[in-house]
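S.K.: sequence plus predicted model, see below.
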Amino acid sequence: MQRVISFFLLFVAVLGISCRHKTKNATTMPPLKIEVATAQAEQMVMRYEFVTHLKSNYDAVVQPRVNGYLLKKGFSAGMPVKKGELLFVIDADLLNTTLYAAKAQLASAEAQALEARNNYERAVPLAKLNAISRTQLDQYTAAYASAQSAVESARQSLESARLQTGYAKIYSPINGIIAWTDAHEGDYVGPGTKFSILTTISNTDTLSAELAIPTSLYMRYAGAERTSYDNRDLLSDIVLYLDDGTTYEHKGSYDYTKQNISATSGTITLVVDFPNPDQRLKAGEYARVEMGIGSKQRLITIPQQCVNRMQGVESVWVVLSDNTVKYRRITTGETIGDRWVITEGLQEGERVAVTGSQKLHEGAKIVPQNAE
């Protein structure tokens, strides 16, 4: 029994020594090496990104101006066409007949005008000699004027006939992508027929993107004094990112603001244009558009890694002057690149922990490592 008691006392003594050793080690643990960053204040424009699709900014409707049978279709649907390229040819036989008749009418009118002029020129000296009456001179004068008017009318008829004949060939009014046509060779086309519209051409020189901006965001930067229909100076540095992630080489420009605010989504739609000189962009293509909204503001930013989020609460570990850390709740705004905009909770120049947030506790001592 005495041996058991001695063994027990020895065990308690060893345990006490071990606990004291662990406590001593815990109190002498070296401070953690933590990367820190400094809250920076910068004058910058807030940038926002929108996911959208590109579209043709307008379509040209190709309509025949004259009636006739379609003789030729000179394009492939869905392919690019150039301005001035021949698209359709309509049978011009009937139009040519009208043209020939107009030419003959002009020739007849000119012959009659020549006779009337000769009669007038002979009558003038005779009237001075009183060889003919004043009334007869007036008749020759009126006949000559009427003949001149008839010539002008015949010329106009001939020009109209020429235009009508020219309308038998239909050319592309713009550069773009041409759609399918339901009309086939041999169909009777023209105004008042089944084929009063032959096709449409979507412009590809410039493509547009519609950006739906929440009205709350719009009002934040636009201000109450701005008219909601003129937002040219509200947007800046409009950049397009293509579906493969590459940056499009041409910057965008503001075009117009759509008339109505969406009642369902509470957004105002701004339309921006992108030049497409190399036909690299395609209508319907997915794209990301990034742009600055509003004027420059003084903003506090920190790296995104500094911000901890848990159950809707945002916080950082602030590094004090004695290199101890303090927990602090903050409010973030938008992101700019890899940094958060801090709207509440931090001042310019304050240091925050970038790494090791899971190991930190209130008042913990650290060895700051510059992360920037």
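M.R.: Noted; the coordinates are in hand. Numbering: from 1, shown residues only.
S.K.: the strands in the stretch 151-300 of the chain, which residues?
M.R.: 169-171, 176-178, 188-189, 199-203, 206-214, 235-241, 253-257, 267-275, 286-303 (DSSP state E, counting those that start in this stretch).
S.K.: adding mean neighbour count, mean pLDDT and distance to residue 142, write these out as JSON lines.
M.R.: In this view, the C-beta of every residue, glycine as well, is placed from N, C-alpha and C. As requested, the strands of the stretch 151-300 of the chain are exported to JSON lines (neighbours: other C-beta atoms under 10 Å; pLDDT from 0 to 100; distance: least, C-beta to C-beta, whole Å):
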{"stretch": "strand 169-171", "mean neighbour count": "18", "mean pLDDT": "96", "distance to residue 142": "43"}
{"stretch": "strand 176-178", "mean neighbour count": "21", "mean pLDDT": "91", "distance to residue 142": "55"}
{"stretch": "strand 188-189", "mean neighbour count": "19", "mean pLDDT": "96", "distance to residue 142": "46"}
{"stretch": "strand 199-203", "mean neighbour count": "20", "mean pLDDT": "93", "distance to residue 142": "53"}
{"stretch": "strand 206-214", "mean neighbour count": "20", "mean pLDDT": "93", "distance to residue 142": "58"}
{"stretch": "strand 235-241", "mean neighbour count": "18", "mean pLDDT": "94", "distance to residue 142": "68"}
{"stretch": "strand 253-257", "mean neighbour count": "16", "mean pLDDT": "93", "distance to residue 142": "58"}
{"stretch": "strand 267-275", "mean neighbour count": "19", "mean pLDDT": "93", "distance to residue 142": "61"}
{"stretch": "strand 286-303", "mean neighbour count": "17", "mean pLDDT": "90", "distance to residue 142": "71"}
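S.K.: which among those is found nearest to residue 110?
M.R.: strand 169-171 (29.0 Å; C-beta to C-beta).
S.K.: so what strands line up beside the closest one?
M.R.: Partners of strand 169-171 in the sheet, by DSSP bridges, are strand 86-90 (antiparallel).
S.K.: and the next helix or strand past the partner strand?
M.R.: As assigned by DSSP states H and E, the chain's next helix or strand after strand 86-90 is helix 93-128.
S.K.: buried residues in that next one?
M.R.: Residues of helix 93-128 classed as buried by neighbour count (16 or more other C-beta atoms under 10 Å): 94-95, 98-99, 102, 105-106, 109, 112-113, 116, 120, 123, 127.
S.K.: residue 42: which of those is nearest?
M.R.: Using C-beta to C-beta, the buried residues of helix 93-128 come closest to residue 42 at residue 95, 69.7 Å.
S.K.: would you confirm that residue 305 belongs to a helix?
M.R.: Yes - Residue 305 forms part of a helix when assessed by DSSP: H, G, I helix; E, B strand; the rest coil.
S.K.: so who does it touch?
M.R.: 354-355 (C-beta atoms under 8 Å, 6 or more residues apart in numbering).
S.K.: flag the shaky bits of the chain, pLDDT-wise.
M.R.: For the chain, the stretches with pLDDT under 70 are 1-29, 224-228, 371-372.
S.K.: before we move on, the earlier item: and the strands of the stretch 151-300 of the chain as CSV, adding distance to residue 36?
M.R.: Listed next are these as CSV, based on distance: least, C-beta to C-beta, whole Å:
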stretch, distance to residue 36
strand 169-171, 69
strand 176-178, 55
strand 188-189, 76
strand 199-203, 54
strand 206-214, 35
strand 235-241, 31
strand 253-257, 41
strand 267-275, 40
strand 286-303, 10
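S.K.: tell me which of the ones you listed sits nearest to residue 356.
M.R.: Nearest to residue 356, of these and by C-beta to C-beta, is strand 286-303 at 13.8 Å.
S.K.: tell me the angle that closest one makes with strand 206-214.
M.R.: 50 degrees (axes from the mean of the first three to the mean of the last three C-alpha atoms, to 10 degrees).
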